[in-house]
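Student: What would the 3D arrangement of this be:
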Amino acid sequence: MTSAAAVDHLEKVTVRMELDKNARILVTGAGGFIGGHMVRRLVDSGHTNVRGVDIKPLDEWYQHVAGVEEQVGDLRDTAVATAAVADTTYVINLAADMGGMGFIENNKALCMLSSLISTNVLNEARKVGVKRFFYSSSACVYAAQYQTNPDVTALKESDAYPADPEDGYGWEKLFSERMCRHFNEDFGMEISVARYHNVYGPMGSWTGGREKAPAAVCRKIAEAVLLGRTDMEIWGDGEQTRSFTYIDDCLEGTLLLLTGDYYEPLNVGSSELVSINELVSIVEEIAGITVTRHYNLDAPKGVRGRNSDNTEIKRVFGWEPSTALRDGMAVTYQWVYDQVAAAIAAGEY
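Tutor: Coordinates of the predicted model:
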């Protein structure tokens, strides 16, 4: 969108629509962390026709919600995407092959293949004439030059260009963003794009290599409490900084964008910046324990600093994420603690 068009658009950005409670909503990645929560949020809000699709077998889905049509399939396969999108009115595309920094840095090709998901789901949505489409992008699209200092200047949407995103995962997200833009321009599809900033919360990956920093820290602290493992490895020197967005805020931001009249990418992220060391201290305080920290400087650690500038989403929607990190981490820690305790009881440790 040109700057002149953006000015013209200002009169319309606050327009909101109500989702038809009986229309079919497709949530891709429904077996995953954000997707599972989104499906539950929609059903709890009175939506009666929700379809969830994920590549994972049903017994590996993080959540199951009564009344939801669940499909298992690889959306990188065009036939699977065709079946998933059939007869849908709204599409919330959350599916991607991704995980924490360890996974992203060691699986760049797999991350890039998620572009097939974006391509197939977008194209099928165009064919059936969906009313609204949402695409989940990532703060990993932002150019590396703006993320070299832990005391980072918060990233505004224009900082994605000139392009130099996170290799692999970030490039796939940026490419898919551009595809959404051109489907809007060329085919008139109403497509919203959110750049998520480090979404965390209960009922997601907490072990196995795909977990992100909040869940990994919670698991290690829970292990210290339950098993006496008080030596804790931290990737990097712990001074790298991030903002972490609680799942409830992520869902609210997603639905704002889906129902709003704005089609440029927007940050959906907390602006509460903390270092990894500070994150560990927060969870130590929640758990009532102190661990001995060991720093692995050779481990994957990502950019030096990343934070969300929420100026634009506040201008457009009068909203930004509001859950304090300590409050969200208290809920997350209790859930992860319960998972670790159950795994110990089952002899998995």
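Student: Regarding this structure, what is its longest helix?
Tutor: Ranked by number of residues, the top helix in the chain under DSSP state H is helix 325-345.
Student: can I assume L26 sits in a helix?
Tutor: No - the assignment for L26, made by DSSP: H, G, I helix; E, B strand; the rest coil, is strand rather than a helix.
Student: I figured it hits H47, correct?
Tutor: No - in this structure, L26 is not within contact of H47 by C-beta atoms under 8 Å, at 11.5 Å. All C-beta atoms are positioned from the backbone trio N, CA, C, and that covers glycine.
Student: coming back round to it: CA atoms only for the longest helix of the chain, dumped as PDB, please.
Tutor: What follows is helix 325-345, C-alpha atoms only, in PDB (Å, rounded to 0.1, in the frame of the first residue of the first chain):
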ATOM      1  CA  LEU A 325       4.900 -11.100  32.200                       C
ATOM      2  CA  ARG A 326       5.000 -12.300  35.800                       C
ATOM      3  CA  ASP A 327       1.300 -13.000  35.700                       C
ATOM      4  CA  GLY A 328       1.500 -15.000  32.500                       C
ATOM      5  CA  MET A 329       4.500 -16.900  33.700                       C
ATOM      6  CA  ALA A 330       2.900 -17.800  37.000                       C
ATOM      7  CA  VAL A 331       0.100 -19.600  35.000                       C
ATOM      8  CA  THR A 332       2.600 -21.100  32.600                       C
ATOM      9  CA  TYR A 333       4.900 -22.400  35.300                       C
ATOM     10  CA  GLN A 334       2.100 -24.100  37.200                       C
ATOM     11  CA  TRP A 335       1.000 -25.900  34.000                       C
ATOM     12  CA  VAL A 336       4.600 -27.000  33.100                       C
ATOM     13  CA  TYR A 337       5.200 -28.000  36.700                       C
ATOM     14  CA  ASP A 338       2.200 -30.300  36.500                       C
ATOM     15  CA  GLN A 339       3.500 -31.800  33.300                       C
ATOM     16  CA  VAL A 340       6.900 -32.500  34.800                       C
ATOM     17  CA  ALA A 341       5.400 -34.000  37.900                       C
ATOM     18  CA  ALA A 342       3.200 -36.300  35.800                       C
ATOM     19  CA  ALA A 343       6.200 -37.300  33.700                       C
ATOM     20  CA  ILE A 344       8.100 -38.200  36.800                       C
ATOM     21  CA  ALA A 345       5.200 -40.200  38.200                       C
END
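Student: other SSEs contacting it?
Tutor: strand 199-200, helix 213-227, strand 245-246, helix 276-287 (3 or more C-beta pairs under 8 Å, 6 or more residues apart in numbering; DSSP states H and E).
Student: Apply 6 Å and report the result again.
Tutor: With contacts taken as 3 or more C-beta pairs under 6 Å, 6 or more residues apart in numbering; DSSP states H and E, helix 325-345 sits against helix 213-227, helix 276-287.
Student: Can you say which of the ones you listed is nearest to R326?
Tutor: The closest of the helices and strands packed on helix 325-345 to R326 is helix 276-287. By C-beta to C-beta, the value is 5.5 Å.
Student: okay, L26 and H47: which has more neighbours?
Tutor: Neighbours per residue (other C-beta atoms under 10 Å) separate L26 from H47, with L26 holding more: 27 against 20.
Student: Kindly provide the distance from that one to V225.
Tutor: Look at L26 and V225: by C-beta to C-beta, to the nearest Å, they are 41 Å apart.
Student: For the longest helix of the chain, give me every contacting residue.
Tutor: For helix 325-345, the surrounding residues in contact (C-beta atoms under 6 Å, 6 or more residues apart in numbering) are 200-202, 206, 214, 218-219, 222, 226, 244, 246, 272, 282-283, 286, 349.
Student: Please identify the buried residues of that helix?
Tutor: The neighbour-count check on helix 325-345 (16 or more other C-beta atoms under 10 Å) flags 325, 328-333, 335-337, 339-340, 343 as buried.
Student: Would you mind putting the residues you listed into JSON lines with distance to M179 and pLDDT alongside?
Tutor: Written out in JSON lines, the entries for those read as follows (distance: C-beta to C-beta, whole Å; pLDDT from 0 to 100):
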{"residue": "L325", "distance to M179": "33", "pLDDT": "98"}
{"residue": "G328", "distance to M179": "32", "pLDDT": "98"}
{"residue": "M329", "distance to M179": "35", "pLDDT": "98"}
{"residue": "A330", "distance to M179": "39", "pLDDT": "98"}
{"residue": "V331", "distance to M179": "35", "pLDDT": "98"}
{"residue": "T332", "distance to M179": "33", "pLDDT": "98"}
{"residue": "Y333", "distance to M179": "38", "pLDDT": "98"}
{"residue": "W335", "distance to M179": "35", "pLDDT": "98"}
{"residue": "V336", "distance to M179": "36", "pLDDT": "98"}
{"residue": "Y337", "distance to M179": "41", "pLDDT": "98"}
{"residue": "Q339", "distance to M179": "37", "pLDDT": "98"}
{"residue": "V340", "distance to M179": "40", "pLDDT": "98"}
{"residue": "A343", "distance to M179": "40", "pLDDT": "98"}
